[in-house]
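S.K.: Turn this into a model:
(chains A and B)
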Amino acid sequence: MEIIKAISIGALFGIGLYQLLRRNVIRSAIGLSIISNAINLYLLSVGAYDGVVEAYAKAVGQRSDALPQALILTAIVISLGGFAFVLALLYVIAARYRTGDSDEVKGLSH
Amino acid sequence: MTSSSLVILPIIIPLTAAAVAVLLRNHRRAQAAWAFGAMVASFICSSVLLWVVTSSGAPVVFQVGGWPAPAGISLVGDRLSALMAVMCQLVLVGGFLYALGCRDQCAQYPAFYPLFLMLAVGLTGAMLTGDLFNLFVFAELLVFAGAALTAMSDDKFGTEAAYKYFYISFVASIALLLASGSLYVSYGTLNIADLARRIAADPSPPLALPAMALLMIFFMVKGAVMPFHFWQPDFHTAAPTPVHAVLSSVVVKLGIYGFLRMTTLLFVEQAEIIRAVLVVVGAVGVWFGGLGAVGTYDAKRMLAYSTLGQLGFILVAIGWGTPLALAAAIVYAFNHSLLKAAMLMLAGSVASHAPVKTAAFAAITGLGKKLPWAGVLFLLGGMGLAGIPPLNGFIGKLMLFRSGVEAQAYLPLAAIGLAGIVTLVYVIRAFQRIWWAPLPEGVKPKPYGDRLIAPALLIALSLGLGIWAEPLVSLAEATVAWMSRPELYVRAVLGG
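M.R.: Here you go, the predicted structure:
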């Protein structure tokens, strides 16, 4: 279980980071949302320490730590709001420049 | 109502006021007056908080919901955070005052004042919180409000700037979340006081040092420190003037506050590593910001670059880390907030007189002939930034250089001392372009522009603090004396 979790967090992080650095602004917004999911998984896995098990482990008689789950809930809500906000910004940018290539969006460069 | 709820008032007043301001959206004047009143009330509360903390010598701790410290969220107003909160809210009051008399289109939008109040909530909350995850929430609030305010700016590139800022802030949030996850799995707590105690007791967990590095990245992005600075001039220049004045002066101080906390509370044993980094990035930032400011073609952009340089001075002082240097950092941060906000408001006010609203030097050359008082204020503020008496900028620089001599750090001292001259160069250059150069033929400045009350008040305050600097300096020294004993902070929050 540990190894699957570690690999999936790493893979999500890698995919997210790759997308985040793409030139297409829509893809980078999607990368943003993938990375926030990787972080959520990471936070879920830090709940297992010092004799406490993960929330998804089926160990009988052992309790899991509730705090990381509360953190994830907050982080999910915030990243949802952030993703919506980024999409709204992208809508305006795409309407003005008629392109999704971040090299073309350079009104601020002097 | 006990004295411990004082610490939540500067957060909760703007928060509720923002909700009410949304309800007042159809009554623009009432909304503006309401928002300004709420900000002033909040500032009074934070000043009372500072007064209580200073007079009693003990921090004011509020456990939210009545849950005791390591389990619940604590809000801590100690000497440092109360002083920082007062500094932020003072400049925020100035920003609101400027927004009242400002002719920007965006200040008329119904969402402007609620968002501005949320910016105040995020900034004050991030300074006063005693919990790492709570810091993330408040920092996100700050980012959302700041980005939304910039996206609605009169500047046509506002959305682009907001996108840039939001993107880089997201990277900072990733760093903070990873840091809090790593610290949680290592120590089983997110309360800053509890963390400080446990890190001091056992710095061995493998994720402790990576968490420190990630926290440094977070505060470096927030403070626009050298390798993570690239978004700052673009973003700040595109923001509406009242917001820009707040962003470039106090919002970046969140990074300064974070480094002060990290070196004196969270990672006391490992502080030498952080300090070594800060001296280098600070000294490089001083030169980079100064030279960048000399090379710009826009008054507001010049001042945004200048913020990079001025923050470099503060970072070098934190990097030296002696009591005198830390006191100098606090005094310098306070002075820079007042002066930079005032200078930006003056630049914005001049730009509002331009036929086409922009702060580019090409468009505002010679406009100052009609605005002699703005010229006087700008010259005073520029002298303050460059560190010439009688303004308070002189006091900060004097303390900074004295602490450098005392710490025998001659190389960084020489580097930042020489860079001080660059400040004078770009300020005088801007002054000459705007107030000395003749008005070009055929340019008709607008007769009305933004009001000058807010910058005049801020400059008057910094003049007062320059002539009678004793209260601020002794306050900073008392703060440093308090910061040098982190065990008192831990005991005050956790009890026992």
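
S.K.: Leaving out the residues flanking it, which one is nearest to the residue of chain A found nearest chain B?
M.R.: Going by CB to the nearest CB, chain B is nearest to A:Val46 of chain A, at 3.9 Å. Quick note: C-beta positions are derived from backbone N, CA and C, even for glycine. Leaving aside its sequence neighbours, A:Val46 sits nearest to B:Val185 (CB to CB, 6 or more residues apart in numbering or on different chains; 3.9 Å).

S.K.: Now for the residue of chain A closest to chain B: which residues touch it?
M.R.: Contacts for A:Val46 (CB atoms under 8 Å, 6 or more residues apart in numbering or on different chains) come out as A:68, B:181-182, B:184-185.

S.K.: B:Asn392 versus B:Thr16, what's the distance?
M.R.: Distance of B:Thr16 to B:Asn392, given as CB to CB, to the nearest Å: 34 Å.

S.K.: B:Lys446 too?
M.R.: Look at B:Lys446 and B:Asn392: by CB to CB, they are 33 Å apart.

S.K.: of the two, who's got more company?
M.R.: Relative neighbour count places B:Asn392 above the other of B:Lys446 and B:Asn392, with 28 against 13, counting by other CB atoms under 10 Å in any protein chain shown.

S.K.: residues contacting that one?
M.R.: With the criterion set at CB under 8 Å, 6+ apart, B:Asn392 makes contact with B:331, B:334-335, B:338-339, B:384, B:462-463, B:465-466, B:469, B:472.

S.K.: Would it be right to say that B:Leu75 lies in a helix?
M.R.: No. Per DSSP: H, G, I helix; E, B strand; the rest coil, B:Leu75 lies outside any helix segment and is strand.

S.K.: is it true that it touches B:Thr129?
M.R.: Yes. Here B:Leu75 lies in contact with B:Thr129, judged by CB atoms under 8 Å, at a distance of 5.9 Å.

S.K.: ok, B:Ala354 - contacts?
M.R.: B:363-364, B:367, B:445-446 are the contacts of B:Ala354 under CB under 8 Å, 6+ apart.

S.K.: Give me the pLDDT for the spatially most central residue of chain A.
M.R.: Most central in chain A under CA atoms, centre = their mean is A:Ser36, positioned 1.3 Å from the mean C-alpha point. pLDDT recorded at A:Ser36 is 92.

S.K.: Now it: phi and psi?
M.R.: Main-chain torsions, A:Ser36, degrees, to the nearest 10: phi -70, psi -30.

S.K.: Not counting sequence-adjacent ones, nearest residue to it?
M.R.: With sequence-adjacent residues excluded and distances taken as CB to CB, 6+ apart, A:Ser36 is closest to A:Ser79, at 3.8 Å.

S.K.: Mind listing what's buried along the strand or helix carrying the one you found?
M.R.: Using DSSP states H and E, A:Ser79 maps to helix A:67-97. Residues of helix A:67-97 classed as buried: A:67-68, A:71-72, A:75, A:78-79, A:82-83, A:85-86, A:89-90, A:93, A:97 (neighbour count, 16 or more other CB atoms under 10 Å in any protein chain shown).

S.K.: what separates B:Ala32 from chain A, distance-wise?
M.R.: 25 Å (CB to the nearest CB, to the nearest Å).

S.K.: Now do the contacts for that residue.
M.R.: With CB under 8 Å, 6+ apart, B:Ala32 has these contacts: B:99-100, B:113.

S.K.: let's go with 10 Å and repeat that
M.R.: B:Ala32 sits next to B:21, B:24, B:96, B:99-100, B:107-108, B:112-113 when contact means CB atoms under 10 Å, 6 or more residues apart in numbering or on different chains.

S.K.: What does it show for phi and psi?
M.R.: Per degrees, to the nearest 10, the backbone of B:Ala32 is at phi -60, psi -40.

S.K.: How about B:Ala460?
M.R.: Given degrees, to the nearest 10, the pair of backbone angles that B:Ala460 has is phi -60, psi -40.

S.K.: For the stretch 251-400 of chain B, which residues are neighbours of chain A?
M.R.: B:295-298, B:301, B:360 (CB under 10 Å from any CB of the partner chain).

S.K.: Sort out which of those residues are buried, if you could.
M.R.: Judged by 16+ other CB under 10 Å, buried ones among those: B:296, B:298, B:301, B:360.

S.K.: Which one of the residues in chain B is closest to chain A?
M.R.: Chain B approaches chain A most closely through B:Val185 (3.9 Å), counting by CB to the nearest CB.

S.K.: Find the nearest non-adjacent residue to residue 99, please.
M.R.: Just going to use chain A. A:Val105 (7.3 Å).

S.K.: should've been chain B
M.R.: B:Pro242 (3.9 Å).

S.K.: count of residues packed around that neighbour?
M.R.: B:Pro242: 30 surrounding residues under other CB under 10 Å.

S.K.: wait, isn't B:Ser186 in contact with B:Met212?
M.R.: No. Under the criterion of CB atoms under 10 Å, B:Ser186 makes no contact with B:Met212, lying 11.0 Å away.

S.K.: Overlap in contacts, these two.
M.R.: Contact criterion CB under 10 Å, 6+ apart; residues shared by B:Ser186 and B:Met212: B:199, B:203.

S.K.: The helix-or-strand element of chain B with minimal mean pLDDT: which residues count as buried?
M.R.: Between all helices and strands in chain B, the lowest mean by mean pLDDT, DSSP states H and E belongs to helix B:361-364, at a mean of 80. Buried residues in helix B:361-364, counting neighbours by 16+ other CB under 10 Å, are found at B:361, B:363-364.

S.K.: got the contact list for residue 88?
M.R.: Assuming you mean chain A. Per CB under 10 Å, 6+ apart, neighbours of A:Ala88: B:148, B:151, B:159, B:162-163.

S.K.: wrong one, I was asking about chain B
M.R.: For B:Cys88, the contact set (CB under 10 Å, 6+ apart) comprises B:10, B:43, B:46, B:119-120, B:123-124, B:126-128, B:246, B:249-251, B:253-254, B:257, B:337.

S.K.: Return a PyMOL selection command for the buried portion of these.
M.R.: Selecting the buried subset of these in PyMOL, with 16+ other CB under 10 Å as the burial test, is done by:
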select buried, chain B and resi 10+43+46+119+120+123+124+126+127+128+246+249+250+251+253+254+257+337
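
S.K.: can you give me the strands for the stretch 1-150 of chain B?
M.R.: B:60-63, B:74-77 (DSSP state E, counting those that start in this stretch).

S.K.: low-confidence ranges in chain B?
M.R.: B:1-2, B:496 (pLDDT under 70).

S.K.: Assign a three-state SS to the residue nearest the centre of it, would you?
M.R.: Nearest to the geometric centre of chain B sits B:Val250, at 1.7 Å (CA atoms, centre = their mean). Assigned state for B:Val250: helix (three-state reduction, three-state DSSP).

S.K.: That one and B:Leu311 touch, don't they?
M.R.: No. Counting by CB under 10 Å, B:Val250 sits too far from B:Leu311 to count as a contact (11.7 Å).

S.K.: Need the overlap of contacts for the two.
M.R.: Common neighbours of B:Val250 and B:Leu311 (CB under 10 Å, 6+ apart) are B:256, B:333, B:336, B:340.
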